[in-house]
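Student: Fold the following for me, if possible:
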Amino acid sequence: MNEAGSPLVTNGANHSRATGVPAAPLLLMQEVHAGYGETQVLWDISLSVGRGEVVALVGANGAGKSTLLNVLSGLLPAWSGTLEFDGRNIKRMVADRIVKLGLAHVPQGRRLFAALSVEENLKLGAYTRRAGSTKAIVEDLERAYALLPKLRERRKQFAGSLSGGEQQMCAIARGLMTRPSLLLVDELSLGLAPNIVDDILHAVDRIHREEGLSFLLVEQDVQIALERANRGYVLENGRVVLEGPGAELLSSEKVRAAYLGE
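Tutor: Sure, this is the predicted structure:
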């Protein structure tokens, strides 16, 4: 709810321009509960991402953002609730099958293979491809280098020798090599200088614009995330406490007081 008591909430569904009928979202979570062992981390989570949409998931450290992404990508099972991607039930699906459907996860901390080259790391992003797709993989490498030109210059360099920003670009490009329709990006700006973050955000904007990719951006930096999101969700202690258009959330007194120190 906003300060006046009216909802900031939107239902997250896309609408057909021709009919005005809500279209099925690309990603749908409804009433999801999850955790580790006997410790519950996520409580009654409902969110969606539409096709071609940028959605932000923001909250403080420890709010459950990374846990939520792990559930979506099949790394952690949901205890209950509904999980659908592109119309398919993925609640009990293993991670590699989810990747094949078009949902890719860029994890917090990049998690590159430091002793492998940039290009070798990118090729590993195509590990789910069937045999005989060498030409397609080469084409996708060229596409990734066109979208993130710095990586072409560094393609033979060990990933562990890259700067933090270059490593983040490499992790995003590795995700692109899966040919996703939705990219989950966990803590895109973590540990990076502001000018480097700007470069990466410009790259994300270009990928979104030119490739039509959907993004779920998970960020502690509320300003960065909500400025470029169509919609956003605020997570606190494992629960969604606010949702709505990115601009409205950014102007919310509650968000500005809690996350921007105003």
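Student: Which of the helices and strands in the chain ranks last by mean pLDDT?
Tutor: Ranked by mean pLDDT, DSSP states H and E, the helix or strand of the chain with the weakest confidence is strand 14-15, at a mean of 44.
Student: so where is this structure shaky, pLDDT-wise?
Tutor: Applying pLDDT under 70 to the chain flags residues 1-23, 110, 129-132, 261-262.
Student: Mind naming the longest helix for it?
Tutor: In the chain, with assignment by DSSP state H, the single longest helix is helix 194-211.
Student: which other helices and strands contact that helix?
Tutor: Here helix 194-211 touches helix 134-147, helix 164-176, strand 214-219, going by 3 or more C-beta pairs under 8 Å, 6 or more residues apart in numbering; DSSP states H and E. (Each C-beta comes from the backbone N, C-alpha and C, glycine too.)
Student: How about that helix, which residues are buried there?
Tutor: Within helix 194-211, the residues that count as buried by 16 or more other C-beta atoms under 10 Å are 196-197, 199-201, 203-204, 207-208, 211.
Student: Can you lay out the residues you listed as JSON lines showing distance to L103?
Tutor: Conversion of these to JSON lines gives the following (distance: C-beta to C-beta, whole Å):
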{"residue": "I196", "distance to L103": "27"}
{"residue": "V197", "distance to L103": "24"}
{"residue": "D199", "distance to L103": "26"}
{"residue": "I200", "distance to L103": "21"}
{"residue": "L201", "distance to L103": "22"}
{"residue": "A203", "distance to L103": "20"}
{"residue": "V204", "distance to L103": "17"}
{"residue": "I207", "distance to L103": "16"}
{"residue": "H208", "distance to L103": "16"}
{"residue": "E211", "distance to L103": "15"}
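Student: ok, those residues vs P25, which is closest?
Tutor: When the buried residues of helix 194-211 are compared for distance to P25, the smallest value, 16.7 Å, is given by H208; criterion: C-beta to C-beta.
Student: you'd agree that closest one is up against H202?
Tutor: No - at 10.7 Å, H208 does not count as touching H202 under the criterion of C-beta atoms under 8 Å.
Student: relative to helix 164-176, how tilted is the longest helix of the chain?
Tutor: Angular relation of helix 194-211 and helix 164-176 on a 0 to 180 degree scale: 20 degrees, by axes from the mean of the first three to the mean of the last three C-alpha atoms, to 10 degrees.
Student: Can I get helix 194-211 as PDB, trimmed to CA atoms?
Tutor: Backbone C-alpha positions of helix 194-211 (Å, rounded to 0.1, in the frame of the first residue of the first chain) are rendered in PDB as follows:
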ATOM      1  CA  PRO A 194      29.800   3.800  -9.800                       C
ATOM      2  CA  ASN A 195      31.300   4.500 -13.200                       C
ATOM      3  CA  ILE A 196      31.700   0.700 -13.800                       C
ATOM      4  CA  VAL A 197      28.100   0.100 -12.700                       C
ATOM      5  CA  ASP A 198      27.000   2.700 -15.300                       C
ATOM      6  CA  ASP A 199      28.900   0.800 -18.000                       C
ATOM      7  CA  ILE A 200      27.200  -2.400 -17.000                       C
ATOM      8  CA  LEU A 201      23.800  -0.800 -16.800                       C
ATOM      9  CA  HIS A 202      24.200   0.700 -20.300                       C
ATOM     10  CA  ALA A 203      25.000  -2.900 -21.500                       C
ATOM     11  CA  VAL A 204      21.900  -4.300 -19.800                       C
ATOM     12  CA  ASP A 205      19.800  -1.500 -21.400                       C
ATOM     13  CA  ARG A 206      21.200  -2.300 -24.800                       C
ATOM     14  CA  ILE A 207      20.600  -6.100 -24.400                       C
ATOM     15  CA  HIS A 208      17.000  -5.400 -23.300                       C
ATOM     16  CA  ARG A 209      16.400  -3.000 -26.200                       C
ATOM     17  CA  GLU A 210      18.100  -5.000 -28.900                       C
ATOM     18  CA  GLU A 211      17.400  -8.600 -27.800                       C
END
